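Visitor: Below are the sequence and a predicted model for it; my questions follow.
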Number of protein chains: 2
Amino acid sequence: MNSNCATCPVKDSAACSVLTEEERNALASAGRTRDLKRGEMLFAAGDEDAACATLVTGALKVSAIDRDGNEQILALVHPSGFIGELFSPFAHHDVVALTNSRLCTFARKDIERAIDEFPSLARALLRRSQEDLLATRGLLELNATADAETRLAALIHDFAAAASHTSCHLASEFELPLTRGEIANMLGLTIETVSRKLGEIEDNGAIKRKGKRGIEIIDPALLQVLSGRQAAQA
Amino acid sequence: MNSNCATCPVKDSAACSVLTEEERNALASAGRTRDLKRGEMLFAAGDEDAACATLVTGALKVSAIDRDGNEQILALVHPSGFIGELFSPFAHHDVVALTNSRLCTFARKDIERAIDEFPSLARALLRRSQEDLLATRGLLELNATADAETRLAALIHDFAAAASHTSCHLASEFELPLTRGEIANMLGLTIETVSRKLGEIEDNGAIKRKGKRGIEIIDPALLQVLSGRQAAQA
DNA sequence: CGCATACTTGACGTCATTCAAACCGTGTGG
DNA sequence: CCACACGGTTTGAATGACGTCAAGTATGCG
């Protein structure tokens, strides 16, 4: 038996929010809550019958390891995000907690049954999958063309937007959820380049570093310009 | 009324293949066949109510244009692939025919209705969406870490695999569906680099160029090594 | 206190880009 | 038939951005 959905912080935004209370309870009885500490793995690439899950609190990374042992972060998962490859016999990627996290997990077969039983759930997962696709394509676009400083500025901008919960405004101060190494892996750069470019963005006056992980946004407009999302004014 | 599904070359592999004959006919009556010539656009980023479509024959590209006017190819679509952002009020990307193509198009609202009416269709589209996600992440992984030669070799390898239809073996000779410029856009390189590295791969003895677009695979194993998908033997 | 982990900084090398020019196949008009 | 222009491609040389290697500086934990 799962903990009570009524107090779940993502009850109105997760995929299961499209279900009626009755349907959700049926699904919840098949799932179970699981807590992961920072660095703990939900499943690894190659795992069979990897579980599916909705992230309740915390943050996860989805990453691939190539044969040289380099990690490449492919996606971040935020609360209410759904994890799991439903139609593949094994997982293609690793999924690891970036911070202490709480998930609502389901065996694959239970999710499959729920999809067949509740058409609205299939629709909700389709929607979420398309959003993931869009996010991944955004990262692809960023990594393919932009230079190191632009990529980093864009990432900081996204984190600032994600940290502020009022969707159209940036948080003025927040903690990076990733280490330098993870940022480098995500942007296809090296630790050193990330460190240097972070210094340059600080020198430009767009941000200020607060300790290792803290970032204060000094000039949001400048950050936006650096991130290449807006033309510089004349 | 759509042309007859019974003779459709992707009737057993497209998303609609999961429907019963009766259901499929109902859906088909809402759709219509459309032919695109090479270079013609299905829809552009920003279009509202962009149509959805299953690709019947040919090939499409999905691409984004950044504010500097650079195109970035985000995905290729092969026959039986599905195109369309179901839950977004407007399209995020351009979709353009790479070769003369035939599609089976549907108005957004007709697809949405069909999803609600036929749960198996929602499931099929979810599956397809997850495959797209996986493909995009593969491209992201490739572009982020690998050097130019590796990326190009991997792309050639993929095309050779796609051209052969016997899934585990490579076609020995095929035509590149992309121009040099499009390859460059897809891999985040420049035309010149693509041309040079193609020459180097040819010098290595892995392939042989036949005219502008033709490629003959001389040494599949070597190509695989160059593409970084297999360690070189000792 | 000492070690480990994460981060920063510097010097140098390499690979892809940039800019520039030549090349080639094709279609067009003289 | 040839001259020519044009798009796509190839090739060359120089620049520059990022990676590599290596040292040095915090911060935290046993």
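Guide: Now that the structure is in, tell me what you want to look at.

Visitor: Please see if the longest helix along chain A touches chain B.
Guide: In chain A, assigned by DSSP state H, the helix with the most residues is helix A:119-145. Yes. Using Cβ under 8 Å from any Cβ of the partner chain, we find that helix A:119-145 touches chain B at A:119, A:122-123, A:125-127, A:129-134, A:136-137, A:139-141, A:143-145. For every residue, glycine as well, the C-beta is placed using N, CA and C.

Visitor: and if you look at stretch A:5-17?
Guide: No. Under the criterion of Cβ under 8 Å from any Cβ, chain B is not reached by stretch A:5-17; the shortest gap measures 11.1 Å.

Visitor: what about dumping the CA coordinates of that stretch to PDB?
Guide: Extracted C-alpha coordinates of stretch A:5-17, given in PDB (Å, rounded to 0.1, in the frame of the first residue of the first chain):
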ATOM      1  CA  CYS A   5      -2.100  10.300  -2.400                       C
ATOM      2  CA  ALA A   6      -4.100  13.000  -0.800                       C
ATOM      3  CA  THR A   7      -1.000  14.600   0.700                       C
ATOM      4  CA  CYS A   8       1.300  14.000  -2.300                       C
ATOM      5  CA  PRO A   9       3.000  17.200  -3.400                       C
ATOM      6  CA  VAL A  10       2.600  16.300  -7.000                       C
ATOM      7  CA  LYS A  11      -0.900  15.000  -6.900                       C
ATOM      8  CA  ASP A  12      -2.100  17.800  -9.200                       C
ATOM      9  CA  SER A  13       0.700  17.700 -11.700                       C
ATOM     10  CA  ALA A  14       2.000  14.100 -12.100                       C
ATOM     11  CA  ALA A  15       0.700  11.800 -14.800                       C
ATOM     12  CA  CYS A  16      -1.700  10.200 -12.300                       C
ATOM     13  CA  SER A  17      -3.400  13.500 -11.700                       C
END
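
Visitor: mind giving me the domain ranges of chain A?
Guide: The record, using automatic domain parsing to delimit domains, assigns chain A the ranges A:5-143, A:146-226.

Visitor: Chain A: helices as residue ranges?
Guide: In chain A, helices defined by DSSP H lie at A:21-30, A:108-117, A:119-145, A:148-164, A:180-187, A:191-203, A:220-226, listed in chain order.

Visitor: Turn the ones you listed into TSV, including mean neighbour count and mean pLDDT.
Guide: Listed next are those as TSV, based on neighbours: other Cβ atoms under 10 Å in any protein chain shown; pLDDT from 0 to 100:
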stretch	mean neighbour count	mean pLDDT
helix A:21-30	15	91
helix A:108-117	17	93
helix A:119-145	21	95
helix A:148-164	20	94
helix A:180-187	21	96
helix A:191-203	16	97
helix A:220-226	18	94
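
Visitor: Which one of the ones you listed lies nearest to residue B:191?
Guide: helix A:119-145 (14.1 Å; Cβ to Cβ).

Visitor: could you say what helices and strands the closest one packs with?
Guide: Packing contacts for helix A:119-145, counted by 3 or more Cβ pairs under 8 Å, 6 or more residues apart in numbering or on different chains; DSSP states H and E, involve strand A:71-77, helix A:108-117, helix A:148-164, helix A:180-187, strand B:60-65, strand B:71-77, helix B:108-117, helix B:119-145.

Visitor: just to revisit the earlier point, closest one to residue A:102 among the helices of chain A?
Guide: helix A:21-30 (14.3 Å).

Visitor: Need the residues that contact that closest one.
Guide: Defining contact as Cβ atoms under 8 Å, 6 or more residues apart in numbering or on different chains, one finds that helix A:21-30 is touched by A:1-2, A:5, A:16, A:19, A:104, A:106-107, A:110, A:114, A:117-118, A:121.

Visitor: ok and that helix relative to helix A:119-145, angle-wise?
Guide: Using axes from the mean of the first three to the mean of the last three Cα atoms, to 10 degrees, the inter-axis angle of helix A:21-30 relative to helix A:119-145 is 70 degrees.

Visitor: got the CA positions of helix A:21-30 in CSV?
Guide: Listed next in CSV are the C-alpha coordinates belonging to helix A:21-30 (Å, rounded to 0.1, in the frame of the first residue of the first chain):
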residue,chain,number,x,y,z
GLU,A,21,-9.7,9.4,-7.1
GLU,A,22,-11.0,5.9,-7.4
GLU,A,23,-8.7,5.0,-10.3
ARG,A,24,-5.8,6.6,-8.6
ASN,A,25,-6.3,4.6,-5.5
ALA,A,26,-6.3,1.4,-7.6
LEU,A,27,-3.0,2.4,-9.1
ALA,A,28,-1.5,3.5,-5.8
SER,A,29,-2.2,0.2,-4.3
ALA,A,30,0.1,-1.4,-6.8
